[in-house]
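**Student:** This is a predicted model, with the sequence first.
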Amino acid sequence: MSFPLLTATAVVPAVGAIATAAVPAARRTAAKWLALLFSLATLALAVAVLVRFDPDGDRYQLTESHSWIADFGVRYELGVDGIAVSLIALTALLLPFIILAGWHDADPLETTSSRWRPTQGFFALILAVEAMVILSFEATDVFLFYIFFEAMLIPMYFLIGGFGDRAHAGSDENATAQRSYAAVKFLLYNLAGGLIMLAAVIGLYVVAGNFSLQEIAQARADGSLDMATNTERLLFLGFFFAFAVKAPLWPLHTWLPNAMGEATAPIAVLITAVVDKVGTFAMLRFCLQLFPEASKWATPAIVVLALISIIYGALLAVGQRDIKRLVAYASISHFGFIVLGIFAMTSQGQSGATLYMVNHGLSTAALMLVAGFLISRRGSRLIADYGGVQKVAPVLAGTFLVGGLATLSLPGLAPFVSEFLVLVGAFARYPVAGVVATLGIVLAALYTLVLYQRTMTGPVKPELAKMPDLRVRELAVVAPLIALLIGLGVYPKPVADLVNPAVEHTMSDVQKKDPEPEVEAAK
Amino acid sequence: MNPVNYLYLAALLFAIGATGVLIRRNMIVVFMCIELMLNACNLAFVAFSRLHGNLDGQIIAFFTMVVAAAEVVVGLAIIVSLFRSRHSASVDDASLMKL
Amino acid sequence: MEKLIALLVAAPLLGAAVLLCGGRLLDRVGHWLGTLLAAASFAVAVVLFTDMLGKDAEDRSLHQHLFRWIPVEGFQADVAFQLDQLSMTFVLLITSVGTLIHLYSVGYMEHDERRRRFFGYLNLFLAAMLLLVLADNYLLLYVGWEGVGLASYLLIGFWQHKPSAATAAKKAFLVNRVGDMGLSIAIMLMFTTFGTFAFGPVLGAAEETGEGKLTAIGLMLLLAACGKSAQVPLQSWLGDAMEGPTPVSALIHAATMVTAGVYLIVRSGEIFNAAPDAQLAVTVVGAVTLLFGAIVGCAKDDIKKALAGSTMSQIGYMILAAGLGPIGYVFAIMHLVTHGFFKAGLFLGAGSVMHGMNDEVDMRKYGGLRKYMPVTFVTFGLGYLAIIGFPGLSGFFSKDKIIEAAFAKGGAEGWILGSVALLGAAITAYYMTRVMLLTFFGEERWRHRATASPEEPGAEPAAETRGGPGGHAEPHPHESPASMTIPMVLLAVGSVFAGGFFSIGDRFVHWLEPVTHHDHGDSPLSAATVTGATVVVLVVGVTLAWFQYGRRPVPVVAPRGSLLTRAARRDLLQDDFNHVVLVRGGEHLTRSLVYVDHTLVDGVVNGTAASVGGLSGRLRKLQNGYARSYAVSMFGGVAVLIAATLLMRAV
Amino acid sequence: MTSVAAYTTSTGEAFQFWVLGTVAVIGALSTILMRRAVHSALCLAGTMIILAVFYLANGAYFLGIVQVVVYTGAIMMLFLFVVMLVGVTAADSLKETLRGQRWLAALCGLGFAVLLFAGIGNAAVTDFNGLAKANEGGNVEGLAALIFTKYVFAFEITGALLITATVGAMVLTHRERTERAKTQRERAEQRVREGKHLPPLPAPGVYARHNAVDIAGLLPDGTPAELTVNGTLRERGQIRDVSHEALADLRALEQRSADRLERPDLRRTDIGREGEGTGERAGRTEEASK
C-alpha cells in the first residue's frame, strides 16, 4: 500500500480549512498566511501527482480503493486520468493566487464586532472548496463524486452570500439583498440539478448494482451490462442536467452572472475557473463513459445548446454595463465552446475542450482578478465609471489588456490553442456548427475591446486621476498567470500529451473515430 | 343478552368523550371528557375480562385508574397555574402554537 | 543557414519583450535598442539572401523545424519556417522598410514620453509580420496574421487619450477579425479535406481535389485577404487607421501589413489556380477596390486619408493581379515591393509635412511648401512620380505589367479588367497630382491662419511639445531633422530605381518563378500599346488635376461638391452602411437579448419560485395554531387509519 | 346473586343494562353539552357511578368499589374544587369560534363510533366464559394474586408514577413570594408615618343589631362609615346599608315617647328634617356603593 497521494492532495486543504478557521479573531494576518501556506502545500502535492502520473500508463492511476458503505456497494475509490490530473493541477495552481488576490477582501469593517471572525471564515471556506473540488476530480465512485459535487455548494453559498463585493452600485442594504439573492439563486439552481442527478445516481445503482465508475464502464464496454435504451437516456439526462447547470449551459446559465457579479473577484474566479469546471469535467468523465449510446443520441441537441450559449453569451456580454457581469457572460460563451468540443466526439474537440478548461481557468483568472483590482480602486463595477485608466495606471491597463486578449483567444496565448482545436474538432464533425461557433471569436473581440476601450482609453476621469498602479502583491498574482498564458500558448505540447491518451480512451468509450480527410495529402 | 353490548356502550362513550374534547373550549371540561374516555376504556376492559374469563382485564383497568388519577392531579395543577397566569381556562387562549 | 531563419523573428521579438516589460530605465535607450534589433533582423535577412543567391533557382527554399506545437491525433501543428524566394522578398521588404521607419520614428516620436512602448510595439509588429511570411503552415501563418492585427491595434490606438484613436483601433481589429474568421474556416476546411494545413502537402494535393472544396477554401482565403488588405467590402477600417502616428501608417498601413492579403493569395496560388470561380471573385474584388480607393482618394482633403485611399487602390491592383493567376502573381508581388517603397516614402513625407505644420492634416491649409521643406518636397515628388507610373520609375514598370496581365487574361474579362486598370491609373494620376499641387504648390494658404483647431488638440507629439495656445498659432514650416529625412531619401531611391532594377531582364520574374510559375498570357494588345495607353491616361489625369487645382486658387474651405464627391468624402457611405446595419442592429439585438435574458429566461425561474412561495403561503393559513383544530385533524387521521386497517382486514 | 351474574346474563342484567346504559349515555352527552363546568362535572359523576354499577355487574367488584371511591369520590371532587377555584359562576359560551370545528368534530366522533362498532361487530363473539372460575377465591384475592405476582413491576412503577405526579402537582401549583412580607413593626411604623388611622380600623356591624362583615358601622349621626368594611367588599360594591332602618327605628321611638308626653311637634319636625338629611346622605352612600 503506497502513500495515498490523491487523498493527501485533498486532505491537506481540508486540514488547512480547519486550522484557518481555528485561528483566534485577533490574529487575522496569521490566518491569511496559514491559508496561503496550505494552498501552496496542496500545490506541491498536485505537482507530485503530476510527476507520478504516467500519461501512457493505465487509464486510471494512483488509484485508492476502500470499502465505505458496504450495504450499497459505495466505495471510497480515487483515481486520476490525464484530464483529471490537468484539472487538479489547475485548481491547486489557481488557489494561491485566489487567496493572494482576496488578501484584504474579508478584512472586517470597523463596525463589525471583534467576536465575529470574517477573515478566518473566508479563507477557511476557500480551502474547503478546494478540497471538495479536488476530491470530485479524483472520485471514480459515482456516489462519492455526487457527495462532493453537492457538498461544494455549501461553502460556495457562504462565500457568495457572506462576503460580497464591497464595490457595488446602490445602497448598502440593497447590495446585501442583491447578494443574498445571488447566493440563493446559485444554491437553488445547483441543488435542483443535484437532486435530479441524485435520482439518476440511484437509478444507476438499481440498474448496475454498484457505483464504481470503472466497473460499470467496463461492463458497458464488454456488453455484460446493457441498459434499455430509454433507461439509459433518462439516466444520461439526469446526469447531464446537473452538469449543464454547473457548467452554465444556456438556458440554465442565469445564476452565473448574479453570482459572479455579487461575489468578490477572487470568489468569482473560484466559481467560474474552478467550481464550474467540475461540470464540464463530469460530462466528459461520467456522461460519455457511463452512457455512450445516450450521449450519441443527445449530441445534436447538446451541440445546438452549446452554439446558442456561445453566441448568446457573447452578445449579452456586449450588452452589459457591469464589468464583472460582462466577464460572466463571456465565461458562458466559453463554456459553450467547451461543451461543443466535448460533444463534437472528435479527439481534437475533446482534447481542445480539456485544454480549454485549463486555459479558460487561467485567462478568466487573469482578466477577472485585474478587473477586481481595478474595481477595488474605484469602488464601482459600472463600466461607465471608468475611462483613461491606461494613462494613470499603465501596468494595470497592460495586464488587463493581456487578460482580455487571452479571453478573445489571440494566437500565441494559451486559449487560442484550445479554442482552435475545439473549432476544428467541431467543424470536422458538424461543419455548420464549426462556422457558427467561429462567429463567436468575432463577438469575443467585440466585447473585450469595447470593455478595454471604455475603461482604459480616452480622457482620464477626474475620480481616477489619483489611482495607484498595481501593487507588488497584485503584480505577484497577475504576472505568473500571464507568464503561464504565454507559455502554454507557445508550447502547449506537455498538456496536450498529458490529455491525449485519456481522450483516446473516451473516444473508444463512445466508439467514435475521427472523420478521415477526403484527400490523403502527401505528409 | 351478550356482554358484547358493554363494548358497544364503551365505544359510544369513548366517541362522545372524544367529540367533547374537540368541541369544548373550557380546559376543565376537556379534562372531564378525557376522563370519560378513560372510563369507557375501563368498561371495555372489564367487559373483556368477563368475556375471556380471567382477571387481567380488570388489572389493566385498575392500572388505568391509577394512571388517570395521576394524570388528573398533574393536569389540574397545570390548569390552575395556567389560570393564574392568564386568568382564563380556555384552550384556544392557551394555544400559541403559531408564531 | 536554416538556423538563422528563427533569428529573423527572434530579434524583433526579443526587442518587443525587453521594451514592453523593461521598466522606465530603458526610456533613454529604448528606441535605439528597438532600431538596432530591427536592423539586426535586416542584416540576417541580407545574409540569408546572399546565401540564397548562391544556390541555383530550384533548391533555394530553406526549411527549419523548431518544435511540434499542437499535437492531437491527426491534427499536427508545427512551429516550422519556410524561406523560399517569395518569403525572402517579403522579408527583405519588411526588414528594410521596417528599419528605416524605426529610424524615422526616433526623430518623429522624440517628444513622446511613451516612446519606449512605441518601439516595443513596432518590434512586435516586425516579429509578427516576419512570422507571417516565414511560416510553413497556415496555422502558424494565422498566428502571425493575428499578431500583426494586434500590433496594428496597439499602434493605431497609440494615442489612447484620443477617443477617435481608440475607436479606430477597435474598428481595425474587429474588421480584421472578420477576415481572420475566414482564414480560420479556411484552415478547418483544409484540415477536413487534406488532413493537414502545411503549405507543402496542401498545395501539392490541390490538384486532385474537388473543385467545390477548393472554391470554398479560396473564397474563405479571399475573405481573410479582404480583411487584412482593406479590400471591399472590409476596407472601412483603413481610413480611420490613419489616426495612428504617421510612421505606423507608413509601415503597417502602406508598406507591409496591408499587403499580407496579397501574400496569402499568391502563396495559395495552386488552390486558386484549381478554383477559377474563386479566382474570378478575387479579380472582381481587386478591380472594385481599385476604383473605390481611387475615388475616395480624390475626395479627401486630409492628406493621410488621401494617401490611405491610394493605398487601397494600389492594393486593389495587386489583388487584381493575384487574381489573374500565374500571369499576374509575379507582378502583384513586384508592384507590392515597389509600392512598399514609394508609398512608405509618401507617408513619411506627409508625416514630415505635418511635423512642420503643427499637425495640420488638411491639405487645403497647406500650399507652397516646396520652398520651406525642400528635402521633403523632392522625396515626396519622386514618390509621387513613382506612384502615378511616370515612365522609368518603379511604379511605371510594375503597374504597367499588371495592366498588361489584366488584358492578357483574355476574353471579355480581360477587356473589362484591363480597362478598369487603365481607368484606375488615370484616377491615380489625378488624385496624386491633386495632393502634390495642394501641398507644395499654389499660394501659401496657411499664412495668417491658426492650425490644429483647439477643439481637437493635436495628437502628434510636435504639437504636444509646443503645447498650450502657441500650438494653434500660425505655423512655421521647417525641414525635419536628419533622422527623419535620411529614411525618406533612401526610400525615394528605392522608389525610383527598384522597378527598373527588377524588370531589366525580367530579374524579378525569374527570381519568383520557382514559387509562382509565371506564364505569359496571350494579350490581345501588344505590350507597347498598353504602355502607350498608360502613359496617355497618366497625362490626362495629371492635366485634369492641374486644370482644377493648379491654375485657379484653391478655396480653403472645401466646396460642397457634387454628390459623388460628398459620397467619396464619406468613404462612399460604406461607414454609414456599416453603422446603420451592423452597429445599430447589433445594439438593438444585444439590448433586446439582455431584456429577454432578464425577463424570459430568468423570469421563468423566478416565476416558479414565486408560485411555490405563494402556494406555501396559502398552506400556512391551514396552520391556525388552535390546538383543537390540530386535534381534529389528528383524530380524523386516526379514524382514517383505523378504517384503512379494518378494510384491509376485511378484504 | 353475584355468583349468578358471573356466567349468565340474566334478563335482569339486560334490563339494568338498557336502562342504566341509556342514562349513562345521556349523562355523557350532557357532560359535553352543559354550559357550566359544574353541571358537566355532576353529569360525569353520574355516568361514572353507573359505570361502577356495570363493573359490579361484570363481576369486577373491587373495581366497582374503587370506581365509586376513587373516581367519583376523589377525582370528581378534585374537579369540583378546581371548578370552584376557576369560578363557579363562569358559564362558557358554546358558540364555536373556529369555523367548521364543531361539525368536523361531530363528524369525526360519529365516524369513529361507527368504526368501533364495525370493529366490534366484526369480532362477533357469541359465547363467553364468565368469571366464575377466576373469581372462585374471591375477586379481590384474585386481583391481589395477579398484581403482586405477574404485574408486580407495573404496580411498583405506578406507585412511582403517583409519587411523581404528587410532587409535580405541588411544584406546579406552588407560588413563590416575590417580595418579603412586611412585619407587624414595619406596618405600624408606616401607619405612623402616613399619619392617618393610627388605631386599628373600626369594626363593622352596628350595635348588637348586625355583625355581618358587609354592613358598615354607623357614625354617631347614623351615617355608615365605609372604612369599617373589608376592602374587597368595598371594591365589589357589596356593602349593605342599614342606616336608614336604624334612623327609622329611632324616629319611631321618639314618636312613641312624644305621644306619651304630649310634646309639641316642633322637635319632631326638625328631627324629621334631620331624618331627611340623613336619608339623603344614606341615599348618597348607596349611590357610592353602587
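**Tutor:** Received, thanks. Numbering: from 1, shown residues only, chains lettered A, B, ... in the order given.

**Student:** so which strand or helix has A:A219?
**Tutor:** Per DSSP states H and E, A:A219 falls inside helix A:213-221.

**Student:** where does the chain dip in pLDDT?
**Tutor:** Just so you know, I chose chain A. A:1, A:109-117, A:164-173, A:519-523 (pLDDT under 70).

**Student:** wrong one, I was asking about chain D
**Tutor:** D:1-8, D:87-94, D:124-126, D:205-210, D:222, D:235-237, D:264-290.

**Student:** where along it do the helices fall?
**Tutor:** D:2-7, D:11-33, D:37-57, D:61-66, D:76-86, D:101-123, D:139-149, D:152-173, D:184-194, D:231-236, D:243-261, D:266-289 (DSSP state H).

**Student:** For the ones you listed, state which one has the densest average packing.
**Tutor:** Among the helices of chain D, ranked by average contacts under mean count of other C-beta atoms under 10 Å in any protein chain shown, first place goes to helix D:37-57 (a mean of 23). The way it works is simple: take the backbone N, C-alpha and C, and place the C-beta from them, glycine included.

**Student:** ok, and does it reach over to chain B?
**Tutor:** Yes: legend: contact between helix D:37-57 and chain B by C-beta under 8 Å from any C-beta of the partner chain is shown at D:A37, D:S40, D:A41, D:L44, D:T47, D:M48, D:L51, D:F54, D:Y55.

**Student:** Including distance to A:D105, could those residues go into TSV?
**Tutor:** Output for those, formatted as TSV (distance: C-beta to C-beta, whole Å):
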residue	distance to A:D105
D:A37	67
D:S40	70
D:A41	71
D:L44	72
D:T47	75
D:M48	75
D:L51	77
D:F54	80
D:Y55	80
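
**Student:** need the helices of chain D in CSV with distance to chain A, can you?
**Tutor:** Shown next, in CSV, are those (distance: least, C-beta to the nearest C-beta, whole Å):
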stretch, distance to chain A
helix D:2-7, 58
helix D:11-33, 49
helix D:37-57, 52
helix D:61-66, 52
helix D:76-86, 49
helix D:101-123, 37
helix D:139-149, 45
helix D:152-173, 38
helix D:184-194, 48
helix D:231-236, 53
helix D:243-261, 72
helix D:266-289, 61
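
**Student:** Would you check that D:A154 makes contact with B:F63?
**Tutor:** Yes: using C-beta atoms under 8 Å, D:A154 makes contact with B:F63 at a distance of 6.2 Å.

**Student:** near chain A, which residues of the stretch 151-300 of chain C?
**Tutor:** Looking at chain A, the residues of the stretch 151-300 of chain C close enough under C-beta under 8 Å from any C-beta are C:153, C:157, C:160-163, C:165-167, C:169-170, C:173-174, C:177-178, C:180-181, C:184-185, C:187-189, C:191-196, C:200-202, C:204-205, C:208-210, C:213.

**Student:** who in chain C is up against chain B?
**Tutor:** Residues of chain C lying near chain B (C-beta under 8 Å from any C-beta): C:Q623, C:N624, C:G625, C:Y626, C:A627, C:R628, C:Y630, C:A631, C:V632, C:F635.

**Student:** switch to 6 Å and redo it
**Tutor:** Counting by C-beta under 6 Å from any C-beta of the partner chain, the positions of chain C adjacent to chain B are C:G625, C:Y626, C:A627, C:R628, C:A631, C:V632.

**Student:** same check, this time on the stretch 51-200 of chain D
**Tutor:** Taking C-beta under 6 Å from any C-beta as the test, the list of the stretch 51-200 of chain D residues beside chain B reads D:51, D:55, D:58-60, D:63, D:75, D:78, D:82-83, D:86, D:92, D:102, D:105, D:109, D:112-113, D:116-117, D:120, D:125, D:128-129, D:131, D:134, D:142-143, D:146, D:151, D:158, D:161-162, D:165, D:168-169, D:172-173.

**Student:** Looking at the residues of helix D:37-57 next to chain B, spot the one nearest A:G372.
**Tutor:** Of all the residues of helix D:37-57 next to chain B, A:G372 sits closest to D:A37, with 73.0 Å by C-beta to C-beta.

**Student:** Touching, that closest one and D:V83? I think so.
**Tutor:** Yes: at 4.7 Å, D:A37 counts as touching D:V83 under the criterion of C-beta atoms under 6 Å.

**Student:** Can you check which residues contact both of the two?
**Tutor:** Jointly contacting D:A37 and D:V83 under the rule C-beta atoms under 6 Å, 6 or more residues apart in numbering or on different chains are B:I28.

**Student:** could you say which helix or strand contains the nearest residue to C:T531 once chain neighbours are set aside?
**Tutor:** Closest residue to C:T531 apart from its sequence neighbours, by C-beta to C-beta, 6 or more residues apart in numbering or on different chains: C:D400 at 5.6 Å. Assigned by DSSP H and E, C:D400 belongs to helix C:394-408.

**Student:** Now do that helix: which elements does it pack against?
**Tutor:** helix C:303-323, helix C:329-356, helix C:374-388, helix C:411-440, helix C:482-503, helix C:527-545 (3 or more C-beta pairs under 6 Å, 6 or more residues apart in numbering or on different chains; DSSP states H and E).

**Student:** Now with 10 Å, please.
**Tutor:** In terms of contacts (3 or more C-beta pairs under 10 Å, 6 or more residues apart in numbering or on different chains; DSSP states H and E), helix C:394-408 is packed against helix C:276-299, helix C:303-323, helix C:329-356, helix C:374-388, helix C:411-440, helix C:482-503, helix C:507-516, helix C:527-545.

**Student:** buried residues in the second one?
**Tutor:** The one in question is helix C:303-323. Neighbour-count burial for helix C:303-323, counted by 16 or more other C-beta atoms under 10 Å in any protein chain shown, picks out C:303-323.

**Student:** what do you get for the fifth one?
**Tutor:** By neighbour count on 16+ other C-beta under 10 Å, the buried set for helix C:411-440 is C:413-414, C:417-418, C:420-440.

**Student:** helices and strands of chain B: which one has the lowest mean pLDDT?
**Tutor:** Least confident helix or strand of chain B, by mean pLDDT, DSSP states H and E, is helix B:91-94 with a mean of 67.
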